[in-house]
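1. Here is my input, please return the structure:
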Amino acid sequence: MRNGGRGWLVGLLAIAAAMLSCVKVDLSSPPAPVMVVLPAATAIPSPTPIVWPTLSPRSDPLLFRVMTAGVQPPPICQFPDLPTEQHVSRDGDYDIRESLAVGRMECHVTRDSCAYNRLVGKLDPSIIYKKEESSPFDSEDLLVHPAMVQPLTRLNQLVQAEWGGTVQLRITDAYDSLLSHDPTDSNPATRYSLHYEGRAVDLTTLPVDYDRYPRLCALAICAGFDWVHNETTHCHASIKATSLCELCGN
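-> Sure, this is the predicted structure:
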């Protein structure tokens with residue numbers, strides 16, 4: 001029995017060895033990695049930065065005459081109201097023409113030109129824009145020469161102070177690429193207006209009130225505009241500044 005059991009065990013071990021010899025395990029190579037597919041990252045576009053021009057303050061004895069003693073009152077404009085169909089320069093000349101007060105128009109600024117790309121917009125959001133032209137020209141009322149930013153901002157503050165916040169400043173026309181400030185039957189090549197360079201704006205109040213425009217025109221002079229004309233239905237105001245056409249070499 002003892003010798004028979006030992007023979008049986010030897011036979012069993014021989015069978016197991018034979019079975020293991022049929023299994024080939026390659027230990028020289030690591031197992032293949034499991035590939036996990038992740039969703040591709042989505043690019044988030046960055047907004048194009050807007051570079052605003054650096055404007056130096058303009059000294060003017062009429063600008064903001066504010067008392068410093070005690071509580072500071074709102075800005076005060078001491079320039080006299082401008083009657084209907086009258087015009088005046090910043091230094092009080094009621095006879096001087098616009099071209100002599102602020103300089104002549106140099107060219108028509110065309111859309112997408114070098115000069116056009118130097119115009120600026122997005123002024124104080126409390127200013128109202130009429131935007132009466134059809135798209136895309138309706139946005140032109142928001143575009144002005146960079147030197148227009150400060151006087152418009154100051155004028156908006158003066159309007160708020162003058163009427164206790166019940167009246168808003170409205171721009172009915174600013175830059176104009178359609179050359180619409182001349183008769184439609186005139187020669188487009190010879191049409192003339194500082195609106196075509198972004199150096200002029202037409203201003204009203206909102207609510208519309210013609211009786212306020214003599215005062216509005218006076219406030220425009222106090223705000224730093226160089227020439228103002230009370231045209232009855234609005235105040236036309238312009239600035240003396242280097243033409244953007246000249247800056248672009250046109």
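2. how close does the closest residue to residue 244 other than its chain neighbours sit to residue 108?
-> Setting aside the residues directly before and after it, residue 244 is nearest to residue 115 in space (CB to CB, 6 or more residues apart in numbering), at 3.8 Å. C-beta coordinates here come from the backbone N, C-alpha and C atoms, glycine included. Going from residue 115 to residue 108 by CB to CB, to the nearest Å gives 9 Å.
3. Neighbour count for these two, which is higher?
-> residue 115 (22 against 19; other CB atoms under 10 Å).
4. check contacts around that one.
-> Each residue near residue 115 by CB atoms under 8 Å, 6 or more residues apart in numbering is listed here: 107, 109, 197, 243, 244, 245, 247, 248, 250.
5. Run a quick neighbour tally on the closest residue to the fourth one other than its chain neighbours.
-> When the adjacent residues along the chain are set aside, residue 243 lies closest to residue 106, with 3.8 Å between them (CB to CB, 6+ apart). Other residues within reach of residue 106 by the criterion other CB under 10 Å amount to 18.
6. what are the ranges of the strands in this protein?
-> Shown for the chain, the strands assigned by DSSP state E span residues 87-89, 128-129, 168-173, 200-206, 227-230, 235-238.
7. can you list those in a markdown table and add mean neighbour count and mean pLDDT?
-> Shown next, in a markdown table, are the strands of the chain (neighbours: other CB atoms under 10 Å; pLDDT from 0 to 100):
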| stretch | mean neighbour count | mean pLDDT |
| --- | --- | --- |
| strand 87-89 | 21 | 97 |
| strand 128-129 | 16 | 92 |
| strand 168-173 | 20 | 96 |
| strand 200-206 | 23 | 97 |
| strand 227-230 | 24 | 98 |
| strand 235-238 | 27 | 98 |
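8. okay if I get those strands as JSON lines plus distance to residue 140?
-> Supplementary listing: those in JSON lines, determined by distance: least, CB to CB, whole Å:
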{"stretch": "strand 87-89", "distance to residue 140": "24"}
{"stretch": "strand 128-129", "distance to residue 140": "10"}
{"stretch": "strand 168-173", "distance to residue 140": "8"}
{"stretch": "strand 200-206", "distance to residue 140": "11"}
{"stretch": "strand 227-230", "distance to residue 140": "21"}
{"stretch": "strand 235-238", "distance to residue 140": "16"}
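9. closest to residue 189 out of these?
-> Within these, the stretch nearest residue 189 is strand 200-206; the backing value is 19.7 Å (CB to CB).
10. For residue 115 and residue 108, list the residues in contact with both.
-> Residues touching both residue 115 and residue 108 (CB under 8 Å, 6+ apart) are residue 197.
11. What is the least confident helix or strand in this protein?
-> helix 2-20 (a mean of 56; mean pLDDT, DSSP states H and E).
12. Contact partners for the residue nearest to residue 243?
-> By CB under 8 Å, 6+ apart, the residues touching residue 106 are 197, 243, 245, 246, 250.
13. List only those of the residues you listed flagged as buried.
-> With neighbours counted using 16 or more other CB atoms under 10 Å, those contain these buried positions: 197, 243, 245.
14. So for the closest residue in space to the last one that isn't next to it in sequence, what's the pLDDT?
-> It refers to residue 245. The shortest distance from residue 245 to any non-neighbouring residue, by CB to CB, 6+ apart, is to residue 107 (3.8 Å). The model reports residue 107 with a pLDDT of 92.
15. cool, and residue 248?
-> 88.
16. quick one: it from residue 140, how far?
-> Between residue 248 and residue 140 the computed distance is 18 Å (CB to CB).
17. Ok, residue 148 next?
-> Using CB to CB, one gets 13 Å for the distance from residue 148 to residue 140.
18. so what sits against both of the two?
-> Residues touching both residue 148 and residue 140 by CB under 8 Å, 6+ apart: residue 174.
19. No further questions, thank you.
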